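Colleague: Sharing a sequence plus its predicted fold:
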Amino acid sequence: MIRFFVFMSLKNWLQGNDPNRDIGSVWTFCIGGLAGAASVFGNTPIDVVKTRMQGLDAAKYKNTWDCVVKIARNEGFLAFYKGTTPRLGRVCFDVAIVFTLYENIMKALNYIWPTE
């Protein structure tokens, strides 16, 4: 959900709130990458907790909240962002490519089958 909100907000801003204005593939790729980065920073803490609770040491946590508290106390706030760098590399390009492909496919389909 984060990536769609960020992408559409940035796209609307670049279009100057004119939905018919084309921002081009380069800008679409760039804001897709930013949307991917936002989703990584928003979701990584939840993924860290989920991974800890599914791992071999899961028995040391009573529940989700206990896991959050123990990570924060024992390892600090930055522990919730472990693994962020590799995910950024993967997700930013993935989301940028997907949004760029989507926008270009929609342009082609609107050319073939005009909706307006």
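Modeller: Yep, that arrived.
Colleague: residue ranges with poor pLDDT in this protein?
Modeller: Applying pLDDT under 70 to the chain flags residues 116.
Colleague: Walking through it, point out its helices one by one.
Modeller: Using DSSP state H, the helices of the chain run over residues 2-15, 24-54, 64-75, 84-112.
Colleague: Need the winner for burial among the ones you listed.
Modeller: Ranked by average neighbour count under the criterion mean count of other Cβ atoms under 10 Å, these are headed by helix 24-54 at a mean of 18. (Each C-beta comes from the backbone N, C-alpha and C, glycine too.)
Colleague: packing partners for it?
Modeller: Applying 3 or more Cβ pairs under 8 Å, 6 or more residues apart in numbering; DSSP states H and E, one finds that helix 24-54 contacts helix 2-15, helix 64-75, helix 84-112.
Colleague: Quick one: closest of those helices to residue 29.
Modeller: Smallest distance to residue 29 across the helices and strands packed on helix 24-54 (Cβ to Cβ): 4.7 Å, for helix 84-112.
Colleague: Tabulate the helices and strands packed on helix 24-54 in TSV, adding columns for distance to residue 23.
Modeller: TSV is the format used below for the helices and strands packed on helix 24-54 (distance: least, Cβ to Cβ, whole Å):
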stretch	distance to residue 23
helix 2-15	5
helix 64-75	39
helix 84-112	9
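Colleague: Of all these, which one is nearest residue 45?
Modeller: helix 64-75 (8.4 Å).
Colleague: In contact with residue 80, which residues?
Modeller: Applying Cβ atoms under 8 Å, 6 or more residues apart in numbering, we find residue 80 in contact with 44, 45, 48, 49, 71, 72.
Colleague: Recalculate using a threshold of 6 Å.
Modeller: Taking Cβ atoms under 6 Å, 6 or more residues apart in numbering as the criterion, residue 80 is in contact with 45, 48.
Colleague: Same question for residue 92.
Modeller: So residue 92 contacts 33, 36, 37 (Cβ under 6 Å, 6+ apart).
Colleague: let's go with 8 Å and repeat that
Modeller: Contact analysis of residue 92 by Cβ under 8 Å, 6+ apart lists 33, 36, 37, 40.
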